[in-house]
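K.L.:
here's a sequence, model it:
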Amino acid sequence: MYTIGQVSRMFRLPISTLRYYDKEGLFPGLQRISGVRKFNDTELERLRVIECLKRSGLEIKDIKQFMQWCEQGSSTYALRYEFFQKQQKIMEAELEQMQRTISMIRYKCWYYEQAMKDSSEDHIQDMLPDKLPKQVQALYDHAQGK
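P.N.:
Numbering: from 1, shown residues only. A predicted model of the protein is given here:
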């Protein structure tokens, strides 16, 4: 069993956040001993899932719905599966956008490094849009969504 302070340190979360999650019903089996919240391994695992879902962009109301399905048992497996399938697609789309963004940043690093060597952007501009060095062209094309 862990105190709220111990869990706060383990997860690097403010105690107020843990209290809020509890108030929202995200820890339905949380025990209180003399008014002190006591977290067990089940709550820690729930918290890992909650934090994962938060990082994926979900709001507490959606996380709460998922946790309610968990409490309802095996009859909600399909709902939970669909829930994670949907979130996976969203995260994969965000990841692809981030990968295109990093490609653009890498391309621009090359661009300005080349411009500094040449003391001009003219040579680079002459290579656009499709006469860049092979690796740089791949970055440029990926950043453009090609």
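
K.L.:
now do the helices in this structure.
P.N.:
Taking DSSP state H as the test, the helices found in the chain are 4-11, 15-23, 41-55, 60-72, 77-118, 122-127, 134-143.

K.L.:
for this structure, name the helix or strand with the lowest mean pLDDT.
P.N.:
Lowest by mean pLDDT, DSSP states H and E among the helices and strands of the chain is strand 31-33, with a mean of 93.

K.L.:
partner strands of it, with direction?
P.N.:
In the sheet, strand 31-33 lines up against strand 36-39 (antiparallel) (DSSP bridges).

K.L.:
okay, now the domains of this structure?
P.N.:
As given by automatic domain parsing, the domain ranges for the chain are 2-72, 90-143.

K.L.:
between the two ends of the last one, what distance do you get?
P.N.:
As for domain 90-143, its first-to-last residue distance stands at 19 Å under the measure C-alpha to C-alpha, to the nearest Å.

K.L.:
okay, the helices of the chain in TSV with mean pLDDT and mean neighbour count next?
P.N.:
C-beta here means a position set from N, CA and C on the backbone, and glycine is covered the same way. Converted to TSV, those look like this (pLDDT from 0 to 100; neighbours: other C-beta atoms under 10 Å):
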stretch	mean pLDDT	mean neighbour count
helix 4-11	98	14
helix 15-23	97	15
helix 41-55	96	15
helix 60-72	96	15
helix 77-118	97	13
helix 122-127	96	12
helix 134-143	96	16
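
K.L.:
those helices: which one's closest to I33?
P.N.:
helix 4-11 (11.9 Å; C-beta to C-beta).

K.L.:
what sits up against the closest one?
P.N.:
Outside helix 4-11, the residues within contact range by C-beta atoms under 8 Å, 6 or more residues apart in numbering are 2, 13-15, 18-19, 36-37, 39, 43-44, 47, 51.

K.L.:
next one: it to chain centre, how far?
P.N.:
Computed by C-alpha atoms, centre = their mean, to the nearest Å, the chain-centroid distance of helix 4-11 equals 21 Å.

K.L.:
what angle sits between that helix and helix 41-55?
P.N.:
Orientation check (axes from the mean of the first three to the mean of the last three C-alpha atoms, to 10 degrees): helix 4-11 against helix 41-55 gives 50 degrees.
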